[in-house]
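Visitor: predicted model, plus sequence, below.
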Amino acid sequence: EAGVTQFPSHSVIEKGQTVTLRCDPISGHDNLYWYRRVMGKEIKFLLHFVKESKQDESGMPNNRFLAERTGGTYSTLKVQPAELEDSGVYFCASSQQKQGINEQYFGPGTRLTVT
Amino acid sequence: AQSVTQLGSHVSVSEGALVLLRCNYSSSVPPYLFWYVQYPNQGLQLLLKYTSAATLVKGINGFEAEFKKSETSFHLTKPSAHMSDAAEYFCAVSYTGFQKLVFGTGTRLLVSP
């Protein structure tokens, strides 16, 4: 079974440019999460999809961030325009929709550097 | 509000020594608790989880953690460190089956020969 994959693994862009990160969850996982880790800080929640619907987007920093999940499969996170403080590692995670414990499976992350 | 505190951003041990990584949580309702590990250039991997069953939880690679409600702690231990345990370890809390994870700041474990 393939794990959560993320693309690209690294991205270096200039301030003001646009970047789109992609996440492919484990097949059959209805829950998809985005997290971000800024250097030296904790991993912070950004948002949660259930299938194609946004369940919780309370962690999105501002309206420069736009997340979508097409047809309840893969998800993209667009940052437009990027700012220096957006630099960090963006993690995607997925889990099954079932009662009980929510075991989230993480991808390797995308390291975003805004210069 | 939920929060997680991991004491010590770096912990150094010798190979064969006891590993103890500390995690304290704050939650207004019974929590679910997790330890994740991140090896260099890899994603986060679940080590173990507490789900209100047994308070002593055994995970992969010889790690275990004990849930202590009175101390609001979920410390991670391993009796004998191995060089391959060098990684960054994250404690996280959630309180339902589908909610976001709240992470601590992480502890980097260094293992010396």
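Guide: Ah, there it is. This one's a predicted model, so the numbers in the text were calculated from it and none came from an experiment. Residues are numbered from 1 along each chain as shown, chains lettered A, B, ... in the order given.
Visitor: can you tell me how far the spatially most central residue of chain B is from A:Gly59?
Guide: Centroid-nearest residue in chain B: B:Trp35, 3.5 Å away (criterion: CA atoms, centre = their mean). B:Trp35 sits 22 Å away from A:Gly59, taking CB to CB, to the nearest Å as the criterion. (Each C-beta comes from the backbone N, C-alpha and C, glycine too.)
Visitor: same check on B:Lys100?
Guide: B:Lys100 is 7 Å from A:Gly59, by CB to CB.
Visitor: joint contacts of those two?
Guide: Common contacts of B:Lys100 and A:Gly59 (CB atoms under 8 Å, 6 or more residues apart in numbering or on different chains): A:Phe45.
Visitor: low-confidence ranges, the chain, go.
Guide: As the question left the chain open, I've gone with chain A. Chain A contains residues with pLDDT under 70 at A:1, A:97-101.
Visitor: if you could check chain B rather than the one you did, that'd help
Guide: Using pLDDT under 70, the flagged stretches of chain B are B:96-98.
Visitor: can you pull the residues of it lying near chain A?
Guide: Proximity of chain B to chain A (CB under 8 Å from any CB of the partner chain) is limited to residues B:4, B:32, B:36, B:41-46, B:49, B:51, B:90, B:92, B:94, B:96-106.
Visitor: how many other residues sit next to B:Val29?
Guide: Residue neighbour count, defined by other CB atoms under 10 Å in any protein chain shown, stands at 7 for B:Val29.
Visitor: now it: closest residue in space, sequence neighbours ignored.
Guide: B:Tyr95 (4.9 Å; CB to CB, 6 or more residues apart in numbering or on different chains).
Visitor: pretty sure the residue nearest to the centre of chain B sits in a helix.
Guide: No: assigned with DSSP: H, G, I helix; E, B strand; the rest coil, B:Trp35 falls outside any helix and is strand.
Visitor: was I right about it contacting B:Leu44?
Guide: No: the criterion here is CB atoms under 8 Å, and B:Trp35 misses it with B:Leu44 at 10.1 Å.
Visitor: what do the two both touch?
Guide: B:Phe90.
Visitor: what's across from B:Leu76 in the sheet?
Guide: Bridge pairing for B:Leu76 (DSSP bridges) gives the partners B:Leu21, B:Ala65.
Visitor: residue nearest the centroid of chain A?
Guide: So for chain A, CA atoms, centre = their mean, it's A:Trp34, sitting 3.2 Å from the centre.
Visitor: does chain B sit close to stretch A:102-114?
Guide: Yes: Stretch A:102-114 lies within reach of chain B by CB under 8 Å from any CB, at A:102-109.
Visitor: pick the one among the residues you listed closest to A:Ala67.
Guide: Among the residues of stretch A:102-114 next to chain B, A:Gly107 lies closest to A:Ala67 (CB to CB), at 14.7 Å.
Visitor: so which other helices or strands are in contact with the helix or strand where B:Tyr89 lies?
Guide: B:Tyr89 belongs to strand B:87-94 when assigned by DSSP states H and E. If you count contacts as 3 or more CB pairs under 8 Å, 6 or more residues apart in numbering or on different chains; DSSP states H and E, strand B:87-94 packs onto strand B:3-5, strand B:32-38, strand B:73-78, strand B:102-103, strand B:107-112.
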